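Peer 1: My questions are about this predicted structure, shown below with the sequence.
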Amino acid sequence: MSIRAAIAYEDWLIGGATLSASLPEDWQPIGDESLLFTPQLSECAGFLRSEFSSTGTWTIDRVIDGIRDIAYVSLLDFRHAGGSYLIQVYVLPPSGDPGLIYEGVDYGGYPSSDFVRHLHIPIETPVSGVGIRVSVTVLSATAETQISVGRVWAGPLYVVPEGIKRGWRSGQIDPGESQRSPGGQNYPDPQQRRRWVKMNFSHVEYEQAYGNELNTVMDFQQLQMRIGRTTPCIVFPRMQSHAMHRVGIYGAVTEWDPIENVGGDYFTTGLRIEEDL
């Protein structure tokens, strides 16, 4: 993938019409599968393998409202322990067999256990579909084998056009506190840390800032109206695989910079996003 930036700004699955799931009978479910389609990643769903069976497949189908062009799929907060497994993700077409868009064995995420791991799947050429199928097959298991997902996301992807200058920086939010005694001893109270990203966009042409009469392009004004400060989105300062893991943020935008005219038909804008868990 390129170093271009992107924003996943809408999730078709949140308004899904139906949900079906299958799990081997003697496996223990983790949560209800409907929790895969809520904003809170800590409300997850998955399974624990039964001690009496070593292999099997967990499958979830989610049918969305109508036919949509799907350009991006993500398994957010993907967690696993023990054994090996095969992950397959399909787009359910209006007719015919599901189309495989991702297949991988033993997704472990990129190195770091300090923050959540997501499986991001950008689709180079968007696919028309009526839903998504996620299939996790356990190939070998241990007594500790379990898998869970915080949210399944599928929808459009706004890739920032060439010609727009992008600048960004990232950091972390640490709500923990330390109390220091008069004798100099430190008593830390660590809390869950979260990430943030600030992105700036400049050299933005009028059409990219405010669209056109035929509404054939996504523009920053539409993005600001669709996402606001309450709708979850996923921001990628870079679309390279490792960068998507390290600096890609699932969360809520806390601040949108105004769309500012800087002369002629050129504009600047920006956003700040904080991670949701």
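Peer 2: Happy to help now that I have it. Residues are numbered from 1 along each chain as shown.

Peer 1: ranges for the helices of the stretch 151-277 of the chain?
Peer 2: Here the stretch 151-277 of the chain has its helices, by DSSP state H, counting those that start in this stretch, at 206-210, 220-227, 241-247.

Peer 1: Export these as a markdown table, with columns for mean pLDDT, distance to residue 176 and mean neighbour count.
Peer 2: The way it works is simple: take the backbone N, C-alpha and C, and place the C-beta from them, glycine included. Rendered in a markdown table, the data for the helices of the stretch 151-277 of the chain read as follows (pLDDT from 0 to 100; distance: least, C-beta to C-beta, whole Å; neighbours: other C-beta atoms under 10 Å):
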| stretch | mean pLDDT | distance to residue 176 | mean neighbour count |
| --- | --- | --- | --- |
| helix 206-210 | 96 | 40 | 17 |
| helix 220-227 | 96 | 29 | 17 |
| helix 241-247 | 89 | 22 | 16 |
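
Peer 1: buried residues in stretch 154-165?
Peer 2: Under the neighbour-count criterion of 16 or more other C-beta atoms under 10 Å, stretch 154-165 has 154-160, 164 buried.

Peer 1: Looking at the residues you listed, which are in strands?
Peer 2: 154-155, 158-159 (DSSP state E).

Peer 1: Which of those sits closest to residue 49?
Peer 2: For residue 49, the nearest member of those is residue 154. The distance, counting by C-beta to C-beta, is 26.7 Å.

Peer 1: For residue 277, see how far away the closest residue to residue 224 other than its chain neighbours is.
Peer 2: Sequence neighbours aside, residue 256 is the residue nearest to residue 224 in space, at 5.1 Å (criterion: C-beta to C-beta, 6 or more residues apart in numbering). Residue 256 is 22 Å from residue 277, where distance means C-beta to C-beta, to the nearest Å.

Peer 1: of these two, who's got more company?
Peer 2: Summary of the neighbour comparison: residue 256 and residue 277, criterion other C-beta atoms under 10 Å, with residue 256 having more neighbours (17 against 14).

Peer 1: mind listing what the more buried one touches?
Peer 2: Residue 256 sits next to 224, 229, 269-271 when contact means C-beta atoms under 8 Å, 6 or more residues apart in numbering.

Peer 1: same check, this time on residue 199
Peer 2: For residue 199, the contacting residues are 5, 166-168, 235, 237, 270-272, by C-beta under 8 Å, 6+ apart.

Peer 1: Any of those residues buried? List them.
Peer 2: The neighbour count (16+ other C-beta under 10 Å) marks 5, 166, 168, 235, 237, 270-272 as buried among the contacts of residue 199.

Peer 1: And the strands in the stretch 1-150 of the chain?
Peer 2: Secondary structure of the stretch 1-150 of the chain (DSSP state E, counting those that start in this stretch): strands located at 6-8, 18-22, 28-30, 45-48, 56-76, 79-81, 84-92, 99-105, 119-140, 146-149.

Peer 1: Tell me which of these sits most buried.
Peer 2: Looking across these with neighbours counted as mean count of other C-beta atoms under 10 Å, the highest average goes to strand 6-8: a mean of 24.

Peer 1: Strand partners (parallel or antiparallel) of it?
Peer 2: Using DSSP bridges, the strands paired with strand 6-8 are strand 158-159 (antiparallel), strand 233-236 (antiparallel).

Peer 1: between these, which gets nearest to residue 209?
Peer 2: strand 158-159 (13.4 Å).

Peer 1: residues making contact with the closest one?
Peer 2: If you take C-beta under 8 Å, 6+ apart as the criterion, strand 158-159 is touched by 4-9, 218, 223, 239.

Peer 1: okay but residue 267 is in contact with residue 260, surely?
Peer 2: Yes. Between residue 267 and residue 260 there is a contact at 6.2 Å, judged by C-beta atoms under 8 Å.

Peer 1: Same drill for these two, tell me which one is more crowded.
Peer 2: When neighbours are counted by other C-beta under 10 Å, residue 267 comes out ahead of the other of residue 267 and residue 260, with 23 against 13.

Peer 1: Next up, the contacts around the more buried one.
Peer 2: Residue 267 sits in contact with 204-206, 208-209, 220, 259-261, where contact means C-beta under 8 Å, 6+ apart.
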